[in-house]
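> okay, structure incoming, though there's no sequence with it:
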């Protein structure tokens, strides 16, 4: 039976009983009176629902409204849900509306009643009333749920592309699909209906277009491949709005035509390369020029007019920066950005500085265009808003070149003295990078780093001062200057410990170059350093002991005072200092020839930038005694005045940069780390991963035997024969069983991963390495969480330099069962085109399993208590390899954390296992029981799983088949 509703939104829906009840609660004099009134009303409603068999729709609607109101006030509600479900079957709009509103408030995506209302949703979606369809779509968006998405997504997809669907319903369909795709990635599969969905762009209703573009942007951001047919239609819509002025009057917002639709249309085009003429490339250029011609009107308009116009302008600027194919538009962009960074509004200046940073990174030409705004950007460093200061710092870093470097570095050093602590670390790294990259002479570079240490020593990491001593060691012309400068800096009463480390190394190696000066004689150098000794940390004290040993080799007259120091520390509480003191005392007392050999000057470090000495440096060998575990180098391979000696298994670096000069992998957070030309990344030994197939412990995290594949290939849409897809799947499955390894690799990018889990918490470290010879710009990673896993990624740098690497820590927690792995979308720009890579993170439910050890009686006793679908599932499959029971046991026990129970099943060809998942949505641990019956002769297996959760049963089944088949 159907009913026609002419205009149900204005139907009379007043309920006097509900109004009186709300008034009583509002007029309650205290909390106790309110609770009494609520308790009385709940008892009355419960009685009516239970005893009154002839309750009409009006009464039911009124009582459900009262229950919803009490629930919203914070009172627990344990009945009334079925009455709300009953309202859904009504043919009256007012009753159906209340039913959907109540269920949207009372239910969530994991509620046990969801299966009961799916059919009601389906019936209303198939109804001819657009009002009923709209109510169902709104409730689907509010409640969500993976089961609802899987069941109703195909129906909603058909509705949005149907010619008979009204615009009001199409708008809600697009938003419902968008909501489901965001909540449950992969539940919407647009491959089969791309053409039909693109055809909806011909819809004349601008409301439908607005909603549809939100959906298309989401789908294109995940994988732009396949959406190219939409480009001409999007450009046609922009032309229709911007040039032809064809749009409904009701969509004009403060004299700006359809600003939000314009923004979405422009944003959609950013996911694709520059369109050619057949796609409307010339028309797009005209459109962008027309948008820029409106920029002058923002000066005299109202606030709302300015905001809407600026939103369109900034999106147009982002598109022009992305296309980078029209010099005239680029010039206009630089002028417009120059105006934006001088306005009073903080938000506009922030966006202007951010866009200008991207603009400066395009090419040398664009960098030159914005040089005239350097003074304005420097003034932004003094802005009261720290976000403006951060963006100004990023922009200055991108604007810097050989001509402006000294001026910019001087300004940044001056600003460093008053900068907030929140920005100092980033500021120090940028100053150090600029000083090295554009140094006209290394003396200036040494001065800058020493000033950095003096001004903000707490924020100067080891990687920076490592780089200083490397450069001084490799360049004889600045060794005397560096020794003199460091010695003078050490005269200050309050020296930062980092300065003492630099001084200890440089004076230990090159102090003899300034020893002829009466003011820096050997004994004065020793006394200057030793006056700081007692205030230093154990690590610095150990370095200074190495410096004193060097002094004995260079200045025999210092033998007695240095040996006195060694004797004082022979029984020091710190084992490292004690061992150094004992060995150095014996070394300087027994054999002078041995001492001279061991404490000889460290040779130059291998530096690929110094090509003239490359062959000579490759022939230089570190003395054998520095490669063993002697105290001179310390067992943890720290730098000392005796020089740094890499571990034996580490090859000499030939790709060094500021943040990891010795291949130590010491860069923290967003620091970029170099690696050898063979595209193998140097990592700290403690972070070097082990593959699940028992690889050597010192295997490099990015070492791989698979050939590189172009990153430009559509990795998210390839078939089974796609070699990149096969490689990605193999890496994902391997990491599901292990904790460290390579997740993705091609000839542009390598993605490595290291993970650790404790209880319901987990942490992964992602390593992004640039394998190409050009920088990867606009680098960003989007994380798509799933129900049951909450991801908290840290931010990363937007640029990865050639042969460099950045790290991204991600923490997460498990809150309930989940079936799919979270996904990430990696986007970056190369000189040729934008690249998008979609990957699954190897975060699977078995990572959170806990051991469950049972005897034979306990196992089969619990096994028999669970039977029947959906708590039990069974699958028969044929193994692709000969069945190996021991291998299966390792996969279950070591890889998937499922406890294999020995001597439970009398058949040796069968496997019995169990596990415990303690993080279910209801707070109760869930036990899972597994039985695998094998037939080695036929190479067949029958897998049976029983669990207290249907979700967990199916998930474990899919995991086991994936890794055993």
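Received it, and whenever you're ready, just let me know what you need. Since we're looking at a predicted model, the values are computed, not measured.

> correct me, but residue 122 touches residue 156?
No: assessed by CB atoms under 8 Å, residue 122 is found out of contact with residue 156, at 10.3 Å. C-beta coordinates here come from the backbone N, C-alpha and C atoms, glycine included.

> of those two, who's got more company?
Using other CB atoms under 10 Å as the criterion, residue 122 and residue 156 rank with residue 156 on top: 23 against 14.

> I'd guessed that one sits against residue 173; true?
Yes: taking contacts as CB under 8 Å, residue 156 lies within contact range of residue 173: 5.2 Å.

> find residues that contact each of these two.
Common neighbours of residue 156 and residue 173, counting by CB atoms under 8 Å, 6 or more residues apart in numbering, are residue 137.

> quick check, residue 812 in a strand?
Yes: the assignment for residue 812 is a strand, going by DSSP: H, G, I helix; E, B strand; the rest coil.

> separation between residue 23 and residue 67?
Note on residue 23: its distance to residue 67, by CB to CB, to the nearest Å, is 17 Å.

> show me which of these two is the more surrounded one.
residue 67 (25 against 10).

> dump the residue contacts of the residue nearest to residue 522 when sequence neighbours are not counted.
Setting aside the residues directly before and after it, residue 522 is nearest to residue 555 in space (CB to CB, 6 or more residues apart in numbering), at 3.8 Å. Residues near residue 555 by CB under 8 Å, 6+ apart: 512, 515, 522.

> quick check, nearest of those residues to residue 833?
For the contacts of residue 555, the minimum distance to residue 833 (CB to CB) is 56.2 Å, reached by residue 512.

> hang on, that closest one packs against residue 551?
No: using CB under 8 Å, residue 512 is not in contact with residue 551, being 9.3 Å away.

> what about the strands in the stretch 251-400 of the chain?
According to DSSP state E, counting those that start in this stretch, the stretch 251-400 of the chain carries its strands in the segments 252-253, 256-257.

> so for residue 834, which of these sits nearest?
For the strands of the stretch 251-400 of the chain, proximity to residue 834 was assessed by CB to CB; strand 256-257 is nearest, at 28.4 Å.

> check for me that residue 492 belongs to a strand.
No: looking at residue 492 with three-state DSSP, it is coil, so not inside a strand.

> tell me who's in contact with the nearest residue to residue 939 once chain neighbours are set aside.
Using CB to CB, 6+ apart and skipping residues adjacent in sequence, the residue nearest residue 939 is residue 879, 5.2 Å away. By CB under 8 Å, 6+ apart, the contact list for residue 879 reads 939-941, 964-965.

> what does residue 485 give?
Listed by CB under 8 Å, 6+ apart, the contact set of residue 485 reads 446-447, 450.

> okay, those residues in TSV with secondary structure next?
Output for these, formatted as TSV (three-state DSSP):
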residue	secondary structure
446	helix
447	helix
450	helix
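
> tell me the one of those residues nearest residue 386?
Among the contacts of residue 485, residue 450 lies closest to residue 386 (CB to CB), at 27.3 Å.

> that closest one against residue 484, yeah?
No: here residue 450 does not reach residue 484: they are 11.5 Å apart, not a contact under CB under 8 Å.

> those two: which has the busier surroundings?
Neighbours per residue, other CB under 10 Å: of residue 450 and residue 484, the larger number sits with residue 450, 21 against 18.

> find the nearest non-adjacent residue to the more buried one, please.
residue 489 (5.6 Å).

> any idea how far the one you found is from residue 452?
Per CB to CB, residue 489 is found 12 Å from residue 452.

> check residue 727 too.
44 Å.

> so for residue 512 and residue 551, which sits in the more crowded spot?
Taking neighbours as other CB under 10 Å, residue 512 and residue 551 compare with residue 551 leading, 27 against 20.

> just the element for that one, please.
helix 538-554 (DSSP states H and E).

> again with residue 149
Going by DSSP H and E, residue 149 is part of helix 146-161.

> related to what we said a few turns ago, closest one of the contacts of residue 485 to residue 138?
Nearest to residue 138 among the contacts of residue 485 is residue 450, at 64.7 Å by CB to CB.

> which one of residue 727 and residue 452 is surrounded by more residues?
Shown here are residue 727 and residue 452; by other CB under 10 Å, residue 452 has more neighbours (27 against 20).

> wait, the more buried one touches residue 416, no?
Yes: Residue 452 is in contact with residue 416 according to CB under 8 Å; the separation is 7.5 Å.

> how about the contacts made by the residue positioned nearest the centre of the chain?
Residue closest to the mean C-alpha point of the chain, counted by CA atoms, centre = their mean, is residue 793 at 4.4 Å. The contact partners of residue 793, taken as CB under 8 Å, 6+ apart, are 781, 783, 808-810.

> could you redo the last one with a cut-off of 10 Å?
764, 766, 781-783, 785, 808-812, 824 (CB atoms under 10 Å, 6 or more residues apart in numbering).

> residue 840 too?
Counting by CB under 10 Å, 6+ apart, residue 840 has contacts 185-186, 728-729, 731-732, 735-736, 743, 784, 820-824.

> rerun at 6 Å
732, 821, 823 (CB atoms under 6 Å, 6 or more residues apart in numbering).

> which non-adjacent residue is nearest the last one?
In this structure, residue 823 finds its nearest non-sequential neighbour in residue 784, 4.7 Å apart by CB to CB, 6+ apart.

> the one you found against residue 185, yeah?
Yes: distance between residue 784 and residue 185: 4.8 Å, which falls inside the contact criterion (CB atoms under 6 Å).

> intersection of neighbour lists for those two?
With CB under 6 Å, 6+ apart as the test, residue 784 and residue 185 both reach residue 823.

> what's the burial count for residue 823?
18.

> what bridges to it?
residue 784, residue 840 (DSSP bridges).

> what pLDDT does the model give it?
Listed pLDDT for residue 823 reads 93.

> which ones are touching it?
Counting by CB under 6 Å, 6+ apart, residue 823 touches 185, 784, 840.

> make CSV out of the residues you listed and add pLDDT and distance to residue 52.
Output for these, formatted as CSV (pLDDT from 0 to 100; distance: CB to CB, whole Å):
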residue, pLDDT, distance to residue 52
185, 74, 46
784, 88, 48
840, 92, 53
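
> identify the residue nearest residue 523 in space, chain neighbours excluded?
residue 558 (6.7 Å).

> and the one you found, how far from residue 512?
Distance, residue 558 to residue 512, by CB to CB: 11 Å.

> repeat that for residue 781.
Noted for residue 781: a distance of 51 Å to residue 512, by CB to CB.

> quick check: residue 208 touching residue 167?
Yes: the criterion here is CB under 6 Å, and residue 208 meets it with residue 167 at 5.0 Å.

> what residues does residue 847 make contact with?
With contact taken as CB under 6 Å, 6+ apart, residue 847 is in contact with residue 757.

> could you shift the numbering so residue one becomes 47, and keep it that way?
Happy to do that; since the first residue is 47 now, the last one works out to residue 893.

> next one: it from residue 805, what distance?
According to CB to CB, residue 893 and residue 805 sit 11 Å apart.

> now residue 491
Per CB to CB, residue 491 is found 48 Å from residue 805.

> and these two? which has more neighbours close in?
Ranked by neighbour count (other CB under 10 Å), residue 491 and residue 805 place residue 491 first, with 24 against 11.

> chain neighbours aside, what residue packs nearest to the more buried one?
In space, and not counting its chain neighbours, residue 491 is closest to residue 485: 4.1 Å by CB to CB, 6+ apart.

> give me the neighbour count for that neighbour.
For residue 485, the neighbour count with other CB under 10 Å is 18.

> what about it, which SS state?
coil.

> after the helix or strand bottoming out on mean pLDDT in the chain, next one along is what?
Across the helices and strands of the chain, mean confidence by mean pLDDT, DSSP states H and E is lowest for helix 660-665: a mean of 36. Where DSSP H and E defines the elements, the next helix or strand beyond helix 660-665 is helix 769-783.

> where does the chain dip in pLDDT?
Applying pLDDT under 70 to the chain flags the ranges 47-59, 232-233, 235-238, 343-346, 653-767, 878.
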